[in-house]
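Peer 1: got a predicted structure here, sequence first:
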Amino acid sequence: MKPFEDIDMDLLLPQQPPFRFVDVLDSYSQENTVVHFTVGTGHMLMDGEELSAAGLLEHMAQACAVRTGYYTRFVLHLPPGIGYIGQVKKYSISRLPRRGEKLTTTVLLVQDFFNVSMTDVQVRVGEELIASASLKTAQASK
């Protein structure tokens with residue numbers, strides 16, 4: 001098995017640049033997954049020098065999709081399906097990330113039920129917590 005950071009995001013996410021908001025899988029477990037994303041030039045959903053609130057939410061959803069995609073591809077040995085955001089609760093932003101900042105995002109599993117996952121997501125720049133949300137995501141049946 002490759003180290004997590006060597007896994008090509010094309011294997012885990014259907015989104016392609018400039019609409020991809022995850023660069024690297026840092027760690028994976030069923031309960032806790034960590035990804036990184038550096039806010040850069042040319043990404044969709046930028047608002048000047050900052051990633052917009054919609055872009056930040058899309059990053060969080062894609063972080064959840066990486067968790068599900070890893071499990072589907074490397075545990076179940078199936079191609080990942082298309083995912084959907086079913087619900088967003090407690091979406092809180094203390095500030096928007098700026099161009100060049102590296103986001104470290106943790107996805108904590110609350111519950112999996114069939115193809116639906118309930119997660120708590122936290123986004124940090126360094127040690128600073130800049131956003132959090134509870135997301136319910138679903139993966140389309142194959």
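Peer 2: Now that the structure is in, tell me what you want to look at.
Peer 1: could you look up the SS state of the most centrally placed residue in the chain?
Peer 2: The chain has residue 63 as the residue nearest its centroid, 1.1 Å off, counting by Cα atoms, centre = their mean. Following DSSP: H, G, I helix; E, B strand; the rest coil, we place residue 63 in the helix state.
Peer 1: for the closest residue to residue 58 other than its chain neighbours, which residues are in contact?
Peer 2: Nearest non-adjacent residue to residue 58, counting by Cβ to Cβ, 6 or more residues apart in numbering: residue 21, 5.4 Å away. (Glycine included, C-beta is placed from N, CA and C.) Taking Cβ atoms under 8 Å, 6 or more residues apart in numbering as the criterion, residue 21 is in contact with 15, 37, 43, 45, 55, 58, 59, 62.
Peer 1: buried subset of those residues, written for ChimeraX?
Peer 2: Entered in ChimeraX, the line below selects the buried ones among the contacts of residue 21, by 16 or more other Cβ atoms under 10 Å:
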select :15,37,43,45,55,58,59,62
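Peer 1: beta partners for the spatially closest residue to residue 5 that is not a sequence neighbour?
Peer 2: In space, and not counting its chain neighbours, residue 5 is closest to residue 24: 5.1 Å by Cβ to Cβ, 6+ apart. Taking DSSP bridges as the rule, residue 24 bridges to residue 36.
Peer 1: show me the shaky parts of this structure.
Peer 2: 1-2, 141-142 (pLDDT under 70).
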